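> Structural data only, the sequence is not supplied:
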């Protein structure tokens, strides 16, 4: 398993030097400054590669850009509206440019409007650490009473609606603004400027799009881009919905194993694959992560390894980001399934034997608490997670483990 680390570019408060010290072997990055729908040019790609290749002291890092996360899919493509055909052409050209630069794995998502959703970005834990948390009741209070979405109360159980009213009644104006800021952090590139009215307008643009239509649009998109990736020897991997349940009345189509099976069968080429995110998918109790790795393994091109603790047994539930070997996902079983998939690939003579993974998210611990890095991406919390995951991999790969 290939140990990688997500880096957000020169403005990331976690430096290339820190990646090296954490023991990462490769880098996951993206051109976040390029507008969605525009072509990623060779020059822009090579600039990012050069940034990754150097330490702060100007020495060669030995690291390279190995996985793209994410090459964004525009809302126009998801809705098949506006300039979607131009954006589709730009996406294809970006694939050509990435391949020319030697980058072959591209993670993307097809979530409408929101890339991820949390109600708290620094939820306090009993040991003094903080983590991200999704509180269903608080989110319902936002949806029903702050955003004021029409019919929002019908999206929740009656007891949740009642509890949301009580939560809203206790909030002062500053708390309402903070909850809103936390939620819009999951809007790509919009956290500083997105207003409630902007969000209402985005939701209105999806009013006529249900799950079947959105799924059809994803199949249409993949029917165009996956053959291009296949011809180039590249791998595309779709990230699941986060969290994997309907939100704000928007359709969700990549939340379960059945969702993935439908898309993989609809566009049945090896380039059309999976980003198996154990945190996103693990927020539903009916998702069997180790089983998904076993059954979908030949199309898993990228792994996000993180853990969550669910606060109820319902698919629509509150949860928080747990330490990597804690929470409700059996991380050891998942890694064991991934290692077994790599053995199968080796026996088959595949080029992509080593599956890239990264320690996804992490709790803010020690110096992280004052660093204020990208939400969910602390330095020391991820280092701890990577070390724990590396230990599991080493133990499961040891000859003594194979002897049983």
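Happy to help now that I have it. Small disclaimer: the values here were computed from a predicted structure and weren't measured.
> Do you have the strands of the stretch 301-404 of the chain handy? List them.
Along the stretch 301-404 of the chain, counting by DSSP state E, counting those that start in this stretch, strands occupy 307-310, 319-322, 356-359.
> Could you dump these into JSON lines with mean pLDDT added?
JSON lines is the format used below for the strands of the stretch 301-404 of the chain (pLDDT from 0 to 100):
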{"stretch": "strand 307-310", "mean pLDDT": "98"}
{"stretch": "strand 319-322", "mean pLDDT": "98"}
{"stretch": "strand 356-359", "mean pLDDT": "98"}
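> so residue 245, which of the three states?
State at residue 245, reduced to three classes by DSSP: H, G, I helix; E, B strand; the rest coil: coil.
> Pull the contacting residues for the residue most central in space within the chain.
For the chain, the residue nearest the mean C-alpha position is residue 239 (5.6 Å; CA atoms, centre = their mean). Neighbouring residues of residue 239 by CB atoms under 8 Å, 6 or more residues apart in numbering: 69-70, 107-109, 111, 254, 275, 277, 280, 304. The way it works is simple: take the backbone N, C-alpha and C, and place the C-beta from them, glycine included.
> among these, which two are most distant?
The most widely separated members of those, counting by CB to CB, are 69 and 254 (15.2 Å).
> out of these two, which sits in the more crowded spot?
Higher neighbour count among residue 69 and residue 254: residue 254, with 24 against 21, using other CB atoms under 10 Å.
> And the more buried one, what's its pLDDT?
In this model, residue 254 is scored at 98, pLDDT.
> So it sits against residue 260, correct?
Yes. Applying CB atoms under 8 Å, one finds residue 254 in contact with residue 260, separated by 6.8 Å.
> Show me what the residue lying closest to residue 326 once chain neighbours are set aside bridges to in the sheet.
Leaving aside its sequence neighbours, residue 326 sits nearest to residue 307 (CB to CB, 6 or more residues apart in numbering; 6.0 Å). Applying DSSP bridges to residue 307 gives these bridge partners: residue 322.
> Would you mind measuring from residue 307 to residue 160?
24 Å (CB to CB, to the nearest Å).
> Looking at the two, which one has more neighbours?
More neighbours surround residue 307 than the other of residue 307 and residue 160, with 23 against 20 (other CB under 10 Å).
> quick one: average confidence on stretch 152-169?
For stretch 152-169, mean pLDDT rounds to 97.
> Show me the domain layout of this protein.
Here the domain assignment for the chain is 2-116+210-308+319-403, 120-204, based on automatic domain parsing.
> Tell me which of those domains sits most buried.
Comparing the domains of the chain by mean neighbour count (mean count of other CB atoms under 10 Å), domain 2-116+210-308+319-403 ranks first with a mean of 19.
> Centre of the chain to it, how far?
Offset of domain 2-116+210-308+319-403 from its chain centre (CA atoms, centre = their mean, to the nearest Å): 6 Å.
> what does stretch 114-124 give?
Computed by CA atoms, centre = their mean, the chain-centroid distance of stretch 114-124 equals 13 Å.
> per-residue confidence averaged over the helix or strand encompassing residue 19?
In this assignment (DSSP states H and E), residue 19 forms part of helix 16-22. Averaging pLDDT along helix 16-22 yields 95.
> May I have the strands that pair with the following helix or strand past that helix, each with its orientation?
Moving toward the C-terminus from helix 16-22, the next helix or strand (DSSP H and E) is strand 26-29. Strand pairing for strand 26-29, using DSSP bridges, gives strand 2-6 (parallel), strand 65-69 (parallel).
> What is the subsequent helix or strand relative to strand 26-29?
Helices and strands here follow DSSP H and E; after strand 26-29, the next one along the chain is helix 42-52.
> Output the contacting helices and strands for that following helix.
The contact analysis (3 or more CB pairs under 8 Å, 6 or more residues apart in numbering; DSSP states H and E) places helix 42-52 against strand 26-29, strand 65-69, helix 84-100.
> Residues in contact with the last one: which ones?
Okay, so that is helix 84-100. So helix 84-100 is contacted by 36-42, 45, 68, 71, 73-74, 76-77, 104, 106, 221, 224-225, 228-229, 232-234 (CB under 8 Å, 6+ apart).
> All good on my end, thank you.
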